[in-house]
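# No letters, just coordinates:
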Ligand code: AMP
């Protein structure tokens, strides 16, 4: 997708420090962090949201990468949260599927 900011990040058009990168997934720090640790994990392939995902391997790649990042950042002791905002009422603002990995403070529940 030419006009998608996360596609530009994933394909290197916008220089970004990747915390994690493999064949299908990249992870990088959120520009506007909502917790001391706030990482976005995204598939390199463009899906507007999870609703468009047609292949279960996209989910397994995304989740297993997020778990790896959490482990590498040492988040397992105190815990973390993974969130995928989907669509308008889900609070999604960037239309490229992404998983938020949040940690480093007590996270409230229910979400706002
Ligand atoms: P969502 O609201 O779930 O769609 O999340 C989109 C997230 O992307 C927000 O937390 C933004 O702060 C973050 N974001 C938007 N643009 C960038 C960018 N260029 N680099 C890193 N994070 C970004």
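Right, received. Where do you want to start? The structure displayed is predicted, hence computed values, not measured ones.

# The longest helix seen in the chain and the ligand in contact?
With secondary structure taken from DSSP state H, the chain has its longest helix at helix 56-72. No. Figure legend: helix 56-72 not in contact with the ligand (CB under 6 Å from any ligand atom); closest approach 13.7 Å. No exception for glycine: its C-beta is placed from N, CA and C like everyone else's.

# Tell me the buried residues in that helix?
Using 16 or more other CB atoms under 10 Å as the test for burial, helix 56-72 gives 58, 61, 62, 65, 66, 67, 68, 69, 70.

# Can you tell me which of those residues is closest to residue 33?
Comparing the buried residues of helix 56-72 against residue 33 with CB to CB places residue 69 closest, at 14.6 Å.

# isn't that closest one right up against residue 26?
No. Using CB atoms under 8 Å, residue 69 makes no contact with residue 26, being 10.4 Å away.

# got any residues that touch both of the two?
Counting by CB atoms under 8 Å, 6 or more residues apart in numbering, the common neighbours of residue 69 and residue 26 are 20, 41.

# Show me what the next helix or strand after the longest helix of the chain is packed against.
For helix 56-72, the succeeding helix or strand toward the C-terminus, using DSSP states H and E, is strand 81-83. Under the contact criterion of 3 or more CB pairs under 8 Å, 6 or more residues apart in numbering; DSSP states H and E, strand 81-83 touches strand 99-103.
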